[in-house]
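>>> The following block contains a protein sequence and its predicted model.
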Amino acid sequence: MSLFDTLDVSASGLAAQRRRVEVLAQNIANAETTRTPEGGPYRRRQIVFEAVPSSRFADELEAVRVQPVDGRQEPPSGGVRVAGIELDPAPPQMRYEPEHPDADANGFVAYPGYDPVRDMVDLSSATRSYQANLAAVNAVRQMIVQTIETAG
């Protein structure tokens, strides 16, 4: 794998984590949203990642040469991408607020059925992952600069 391939892998990680942060921020912003255009309370979204298999011939040869502990042969990863966004299946939380404009006939209001603290923890994790990918990009950039300076 060349240094430029490493940059591609880190760039895919940066893009994926950026999208994850966007979705988490949307979740946190809508933690108390009781009415959406689709009807009902907001439903938490969650990013699903998938590995991007490498298509380089040399990487495929390396994958065959190295035997994994469990015996499975998997092509090396060429990065990561967002496979999709899933809706949280958690039922809404019902709160008794008869004065609320979205209250039902019994005075209950449906709120998103999840804990926003979970999204804050995920946001911290996404930030750390983004920083790790950025550190890898900076390390590769520094190696490229040093190679150019040494060769010149």
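Sure, I can see it.
>>> Buried residues of the longest helix seen in the chain, list them for me.
Longest helix of the chain, by residue count under DSSP state H: helix 116-151. For helix 116-151, a neighbour-count test (16 or more other C-beta atoms under 10 Å) marks 116, 119, 122-123, 126, 129-130, 133, 136-137, 140 as buried. Every C-beta, even on glycine, is put in place using the N, C-alpha and C of the backbone.
>>> ok, so of those, who is nearest Arg19?
Ala126 (9.3 Å; C-beta to C-beta).
>>> Please verify my assumption that the closest one contacts Leu24.
Yes - at 6.4 Å, Ala126 counts as touching Leu24 under the criterion of C-beta atoms under 8 Å.
>>> Now the one residue sitting closest to the centre of the chain: which helix or strand?
Closest residue to the average C-alpha location of the chain: Arg20 at 3.7 Å, with C-alpha atoms, centre = their mean. Using DSSP states H and E, Arg20 falls within helix 3-29.
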